[in-house]
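Peer 1: Quick one, fold the following:
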Amino acid sequence: MAVPRRRVPIKGVLLIGLVLLLTIAVVGGMLLWGRITAFNASVSSASAASSALWGPLGGEERVNVALFGYGGDEHKSGNYLADSIQVLSIDPVTDTSVVIPIPRDFWVEGVPAIPDNGKINEAFAIGYARGGIEEAARLTTGVLAEVTGLEIEHWMAIDFAGFREVIDAVGGITVKNGRAFRYTWSERLWRNGRFPDGRFRQGEIMLDGEEALAFARARYTNKQEESSDFARSARQAKVLAGLRTKLGSGGLGSLGPGLAMMDALEGKMKTDLSAIDLFLLSSHIDPDRRIRLGEGEVLEATTNTNGQYILVVIGRADPTDYRPLHRFLAREIAKPIRRPGASAS
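Peer 2: Residues are numbered from 1 along each chain as shown. Below is the predicted model of the structure:
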């Protein structure tokens with residue numbers, strides 16, 4: 001005689017399923033935290049469990065972070081001059097942000113960190129010679145605060161290799177290029193009208209890591225409009241926007257690209273912010289607005305005593321007076337932004 005099969009109560013099945021899900025979540029969370037702490041140890045001077053931005057980003061005062069790009073070991077000539085200098089300024093009240101690209105040729109006088117005067121990108125090299133990347137970023141952040149009038153307490157620095165590998169880690173990016181141009185890395189070839197190193201067509205283009213780095217850095221181009229630091233900063237903003245799109249709007253879909261980015265950045269980025277803080281900043285990787293320090297508006301071109309092209313502040317009382325720039329930035333930052341900020345990823 002057949003023994004009747006015993007039915008498993010539906011509540012028991014649900015309980016077992018819940019226990020399994022909780023177990024997976026706990027184990028997965030532990031593994032994820034392990035990866036996060038390992039990443040934090042390789043890039044940050046802060047503790048993985050700390051947060052310097054949690055309170056400020058929930059407050060009412062602007063949060064300003066300095067962002068630096070530099071050549072590193074791959075760039076044999078002047079490899080610790082900052083190639084890209086930007087200030088990310090976040091308004092916690094409206095959850096919007098602006099980015100202020102600082103031209104590398106901005107001339108600095110009367111600031112003790114640059115005792116012999118010089119272009120602002122030289123501050124990074126001076127700091128590096130004194131104490132490596134962390135001192136380079138710390139010293140240059142102090143110079144930025146002095147010349148812009150902004151309170152800047154934190155910084156992030158990434159080298160060319162890290163930038164390239166981040167783009168490759170997310171499978172490349174798409175940007176919209178407004179003007180076709182060719183480029184060369186040689187100033188001599190540029191002056192002779194030769195551009196053998198590459199070209200970018202107009203329109204929507206796909207970029208891998210090497211191409212994205214060239215798109216962001218190219219300054220010797222066959223189009224005058226693309227050969228300035230202002231044009232470079234605009235292209236860099238497009239690269240960041242393309243990366244932000246690849247990261248998505250948060251949730252599980254962003255976990256894979258986020259982990260790939262962490263792997264790519266290990267040992268190639270330095271910051272005084274924790275991994276938690278980097279997560280809090282992630283929604284502002286593509287800022288809502290750029291503030292352009294344009295020639296003829298707040299900066300003017302001239303030459304120093306060695307005949308080098310430099311940019312100085314218009315309306316200054318003397319070479320050490322940065323107050324006109326302070327006022328300009330205060331006005332620009334105060335302008336309202338209508339588009340809401342993106343969500344964290």
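Peer 1: Quick one: neighbours of residue 194, just the number.
Peer 2: 14 (other CB atoms under 10 Å). No exception for glycine: its C-beta is placed from N, CA and C like everyone else's.
Peer 1: who are the neighbours in contact with it?
Peer 2: residue 184 (CB atoms under 8 Å, 6 or more residues apart in numbering).
Peer 1: ok, it to residue 188 distance?
Peer 2: 9 Å (CB to CB, to the nearest Å).
Peer 1: what residue ranges in this structure score low on pLDDT?
Peer 2: In the predicted model, the chain carries pLDDT under 70 at residues 1-32, 73-79, 248-257, 339-345.
Peer 1: Residue ranges of each domain in it, please.
Peer 2: The chain breaks down by automatic domain parsing into domains covering 13-42, 56-334.
Peer 1: Can you add distance to residue 50 and give the ones you listed back as a markdown table?
Peer 2: As requested, the domains of the chain are exported to a markdown table (distance: least, CB to CB, whole Å):
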| stretch | distance to residue 50 |
| --- | --- |
| domain 13-42 | 9 |
| domain 56-334 | 5 |
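Peer 1: what's the most buried one of these?
Peer 2: Among the domains of the chain, domain 56-334 has the highest mean neighbour count (mean count of other CB atoms under 10 Å), at a mean of 18.
Peer 1: What is the end-to-end distance of it?
Peer 2: 18 Å (CA to CA, to the nearest Å).
Peer 1: just how off-centre is it within its chain?
Peer 2: 7 Å (CA atoms, centre = their mean, to the nearest Å).
Peer 1: all helices for the stretch 51-200 of the chain, in order.
Peer 2: Per DSSP state H, counting those that start in this stretch, the stretch 51-200 of the chain carries helices over the ranges 122-148, 160-169, 187-191.
Peer 1: need those helices in JSON lines with distance to residue 337, can you?
Peer 2: Listed next are the helices of the stretch 51-200 of the chain as JSON lines, based on distance: least, CB to CB, whole Å:
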{"stretch": "helix 122-148", "distance to residue 337": "19"}
{"stretch": "helix 160-169", "distance to residue 337": "26"}
{"stretch": "helix 187-191", "distance to residue 337": "37"}
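Peer 1: Tell me which of those helices approaches residue 243 most closely.
Peer 2: Between residue 243 and those, the tightest spacing by CB to CB is seen for helix 160-169, at 6.9 Å.
Peer 1: Remind me what the closest one packs against, helices and strands.
Peer 2: strand 63-70, helix 209-217, helix 229-247, helix 255-265 (3 or more CB pairs under 8 Å, 6 or more residues apart in numbering; DSSP states H and E).
Peer 1: and the longest one, what does it pack onto?
Peer 2: In this case it means helix 229-247. Packing partners of helix 229-247 (3+ CB pairs under 8 Å, 6+ apart): strand 82-91, strand 96-101, helix 160-169, strand 173-177, helix 209-217, helix 255-265, strand 289-290.
Peer 1: Ok, which of the ones you listed comes nearest residue 324?
Peer 2: strand 96-101 (15.1 Å).
Peer 1: Relative to that closest one, what are the paired strands and their orientations?
Peer 2: strand 82-91 (antiparallel), strand 289-290 (parallel) (DSSP bridges).
Peer 1: Reformat these as JSON lines; add distance to residue 274.
Peer 2: JSON lines is the format used below for these (distance: least, CB to CB, whole Å):
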{"stretch": "strand 82-91", "distance to residue 274": "17"}
{"stretch": "strand 289-290", "distance to residue 274": "27"}
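Peer 1: for those, which one sits closest to residue 39?
Peer 2: strand 82-91 (20.4 Å).
Peer 1: hang on, the earlier thing: so for residue 299, which of the strands paired with strand 96-101 sits nearest?
Peer 2: strand 82-91 (13.9 Å).
Peer 1: Tell me which of the helices and strands packed on helix 160-169 approaches residue 83 most closely.
Peer 2: Closest among the helices and strands packed on helix 160-169, using CB to CB: strand 63-70, at 5.0 Å.
Peer 1: got the contact list for that closest one?
Peer 2: 53, 56-57, 79-90, 92, 99, 124, 133, 136-137, 140-141, 144, 150-160, 163, 236, 273, 281.
Peer 1: ok, and the closest non-adjacent residue to the residue nearest to the spatial centre of the chain?
Peer 2: The chain has residue 67 as the residue nearest its centroid, 5.0 Å off, counting by CA atoms, centre = their mean. The shortest distance from residue 67 to any non-neighbouring residue, by CB to CB, 6 or more residues apart in numbering, is to residue 86 (4.5 Å).
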